[in-house]
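In: Structure for this input, please:
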Amino acid sequence: MTNRERLSSTCLKGEEYPDFSADGAWCFFGDPRALYYEGVHKRTYIGWLTKEGHVRVGYYDHTNHTAQTTELKERLHQDDHANPSLFMDGEGRLTVYYSAHCGNSMFYRTADRSEDISSWGPELELASNTIGSFGYTYPSPVYLREEEKQYLFWRGANFKPNFAIQEAGGCWSEAFTLIEGSGARPYIKYATDRENTIYFAFTDGHPNVESSNSIYFACYRGGEFYNADGTLIKAFSELPIQPSEATMVYDAQKNGWKTWIWDIAIDQMGYPVVVYALFMTDTDHRYRYARWNGNQWMDYEITPGGDWFPETPEGKTESEPYYSGGIILDHQDPSQVYLSRPIEGVFEIEHWSTPDSGETWNCVPVTSGSGSNNVRPYISRGYAEGCSVLLWMNGKYTHFTEYDTALKMRLTK
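Out: Got it, this is the predicted structure:
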């Protein structure tokens, strides 16, 4: 991984890009999966799961163009829902959160030294969860500088979005339920301004389960929860939030098609931007881009996304028909989108950009002519200029418990 020209090349077959890991996968919930930190070094840190369920972390060094990898836990769970999520503190010490899919424990480990992944503290466990039988899944840490608190979100034992708060000193609060609602298991994505606000967009539940699956938005600031227009939803002490209390981004009952949330970010005006998949049918997925303009949600189609990407065994019915190839926002500039869709029968990665907040789009291919699918793109969070990393899965994927994929990488401009 020392060939800088190949890393920055414009368009290759997916197999021709360098591996960050020859054995790596992740789900599309649980973030951040890759983040940038600049201290003594300029490095992007990445977490993933192997096909045998090992939890691994590594970094790419932008100065000397080298990489290092370490394994944090062997055989956590052979299931891509168990991918780790990363948090970097202000001194450059990395903490990694991970659990099995509906696991009995939420684990975390913190590096012993700043900007170093070779030595780690003991494996710790979160002490609290909600009541239920569904364990822990999808850790997503968020730190607010003004509060000097870390919020760890996950899907809890009650199958709902839960969270706990870590005060200075390391003690965790009890578990709280963020979203209730009538849906069996709301799916949710998070973003933050890193100062005082956490933004989130969520669904009623899983599109495989819900007859209609809308998308909603709310945000947290200063002990209270708000809609997109700034109106108060409720105080922290009044949780959980019902979907009907939040701002509706997409109304599935009115429009007739189900959806699934993929990402949320904040634009330069401080307005939320959401990307999601809309399902005209199981085999006709559409990628959409919704942006709050200060008064209302402006919602546009980017492009058709094809059908599901898992390679359904012959004679079998696909169990996950809503697994789109994937779409992600660049959180530094959410006018930039990376997505996966089938081109001549193979899922390829493309870079889409909008000059007018979603009304029109330009497309540049990242992969082309690939021999195997390229899916679930992810761009590193918090990068400095010239130091962003685009990653994606390339290879064979049959099911979330059966996959043989590499994590490919490209340095973006």
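
In: what ranges do the helices span in the chain?
Out: With DSSP state H as the criterion, the chain has helices at 4-7, 252-255.

In: Low-confidence ranges, this structure, go.
Out: Across the chain, the ranges flagged by pLDDT under 70 are 1-9, 413.

In: got the contact list for Gln78?
Out: When contacts are counted by CB atoms under 8 Å, 6 or more residues apart in numbering, Gln78 touches 51-53, 401. Using the backbone N, CA and C atoms, a C-beta is placed for each residue, glycine as well.

In: same thing but 10 Å
Out: Contacts for Gln78 (CB atoms under 10 Å, 6 or more residues apart in numbering) come out as 49-54, 100-101, 400-403.

In: neighbour-wise, which of those residues leads?
Out: In terms of neighbours by other CB atoms under 10 Å, the contacts of Gln78 top out with Leu49 at 27 neighbours.

In: now it, which residues is it bridged with?
Out: Beta-bridge partners recorded for Leu49 (DSSP bridges): Ala25, Val55.

In: what's the spacing between it and Gln253?
Out: To Gln253, Leu49 is 36 Å away according to CB to CB, to the nearest Å.

In: Same check on Val40?
Out: 54 Å.

In: With Arg194 instead?
Out: 35 Å.

In: got it, and Thr283?
Out: Distance, Thr283 to Gln253, using CB to CB: 23 Å.

In: do the same with Asp80
Out: Separation of Asp80 from Gln253 (CB to CB) stands at 31 Å.

In: next one: Glu167
Out: For Glu167, the distance to Gln253 (CB to CB) stands at 41 Å.

In: What's the local residue count around the closest residue to Trp120 other than its chain neighbours?
Out: Counting by CB to CB, 6 or more residues apart in numbering, Arg109 is the residue found nearest to Trp120 once chain neighbours are left out, at 4.9 Å. When neighbours are counted by other CB under 10 Å, Arg109 registers 20.

In: ok, what's across the strand from Arg109?
Out: Val96.

In: and the residue sitting furthest away from the middle of the chain, what are its phi and psi?
Out: Farthest-out residue of the chain from its mean C-alpha position, per CA atoms, centre = their mean: Gly315, at 32.0 Å. As for Gly315, its main-chain torsions (degrees, to the nearest 10) stand at phi 80, psi 0.

In: all strands for the stretch 101-250 of the chain, in order.
Out: In the stretch 101-250 of the chain, the segments counted as strands under DSSP state E, counting those that start in this stretch are 107-110, 124-125, 137-144, 149-155, 161-166, 176-177, 188-192, 197-203, 215-221, 224-226, 232-235, 247-250.

In: between the ones you listed, which one is nearest to Arg381?
Out: Comparison of those against Arg381 by CB to CB identifies strand 188-192 as nearest, at 9.5 Å.

In: quick check: angle from the closest one to strand 161-166?
Out: If you take axes from the mean of the first three to the mean of the last three CA atoms, to 10 degrees, strand 188-192 sits at 40 degrees to strand 161-166.

In: List the strands paired with strand 188-192, with their directions.
Out: Strand pairing for strand 188-192, determined by DSSP bridges: strand 197-203 (antiparallel).

In: relative orientation of the partner strand and strand 215-221 in degrees?
Out: Using the same axes, to 10 degrees: strand 197-203 against strand 215-221 is 160 degrees.

In: More neighbours: which of Asp80 and Gln253?
Out: Between Asp80 and Gln253, Asp80 has the larger neighbour count (other CB under 10 Å), namely 26 against 11.

In: Contact partners for that one?
Out: When contacts are counted by CB under 10 Å, 6+ apart, Asp80 is found next to 24-28, 30, 48-49, 51, 53, 101, 376, 393, 397, 399-403, 405.
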